[in-house]
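[1] any chance you could fold what I've pasted below:
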Amino acid sequence: MKVCFFTNLLYTSRSNEFIKIISLKFAKTKATFCNIFWGYFMTIQRTFSIIKPDATRRNLTGAINSKIEASGLRIIAQKRIHMSDREAREFYAIHAERPFYNDLVSFMTSGPVVVQVLEGQNAITAYREVMGSTNPSEAADGTIRKEFAEGIEANSVHGSDSIENAAIEIAYFFTNEEIVG
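    Presented below is the predicted three-dimensional model:
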């Protein structure tokens, strides 16, 4: 959410801090000033999303997409696929040594998923806020996981946790030609 305090502070979500505004003399209006600086401090990013088998099985794709779009993010690529065992194992290889790895692979291959590329201002953080906590009982009201998740594993959605991982995850499932936003 955009917040500008014209007296002497401007909040930026890029650095999560307040920046002192020195002068308004170059802006014709306070709104113009806010829009100029807000655009400067915000970053358009892409992030990766998966709508998981528990959600697709219950026909929640449209409801989840509505929450994504209502948050200001755009869906610029999307496809419904059935992950193979190999794809799931490679995609979640980072968890290979963890005790839940085989269960995760089984779950992600148990039905269709919807893979997506999302775009918007600070998309990674924005989508993680819309998703909510991994544990749905700890997720904030109104988040995807609070409303739709069945449990910690069957938590309806996956989202990238960093710019680097977003780039890797997007490239795993999409070619540049498929991203048409």
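[2] can you give me the distance of R57 to A154?
    Between R57 and A154 the computed distance is 9 Å (C-beta to C-beta, to the nearest Å). Where you see a C-beta, it was placed from the backbone N, CA and C, and this is true even at glycine.
[3] tell me which of the two has more neighbours.
    Counted by other C-beta atoms under 10 Å, R57 and A154 do not tie: A154 has more neighbours, with 16 against 13.
[4] in contact with the more buried one, which residues?
    K52, P53, D54, F107 (C-beta atoms under 8 Å, 6 or more residues apart in numbering).
[5] most centrally placed residue in this structure?
    Y127 (2.7 Å; C-alpha atoms, centre = their mean).
[6] surely that residue is in contact with R46?
    No - the criterion here is C-beta atoms under 8 Å, and Y127 misses it with R46 at 10.2 Å.
[7] report the set of residues contacting both of those two.
    By C-beta under 8 Å, 6+ apart, the residues touching both Y127 and R46 are L118.
[8] part of a strand, is K146?
    No - applying DSSP: H, G, I helix; E, B strand; the rest coil, one finds K146 to be helix, outside a strand.
[9] if I look at A70, how far off is Y92?
    Distance from A70 to Y92, by C-beta to C-beta: 29 Å.
[10] for the chain, which residues score under the pLDDT cut-off?
    For the chain, applying pLDDT under 70 flags the ranges 1-42.
[11] where along it do the strands fall?
    Assigned strands in the chain, in chain order: 4-5, 9-12, 17-20, 44-51, 74-81, 113-121, 157-159 (criterion: DSSP state E).
[12] A166: which of those strands is closest?
    Between A166 and the strands of the chain, the shortest separation by C-beta to C-beta is 4.7 Å, and it involves strand 44-51.
[13] quick one: contacts for R145?
    Going by C-beta under 8 Å, 6+ apart, R145 touches M131, G132, S133, T134, P136, A139, N155, S156, V157.
[14] sorry, that was for T134
    Residues near T134 by C-beta under 8 Å, 6+ apart: R145, I152, N155.
[15] could those residues go into CSV alongside distance to P112?
    What follows is the contacts of T134, written out as CSV (distance: C-beta to C-beta, whole Å):
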residue, distance to P112
R145, 19
I152, 21
N155, 17
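[16] from the residues you listed, which is closest to F100?
    So of the contacts of T134, ranked by how close each gets to F100 (C-beta to C-beta), first place is I152, at 9.2 Å.
[17] angles on the backbone of the residue nearest to that closest one when sequence neighbours are not counted, please.
    What sits nearest to I152 in space, not counting adjacent residues and going by C-beta to C-beta, 6 or more residues apart in numbering, is N135, at 5.2 Å. Dihedral pair for N135: phi -90, psi 110, per degrees, to the nearest 10.
[18] do you know how far N135 is from T109?
    Per C-beta to C-beta, N135 is found 23 Å from T109.
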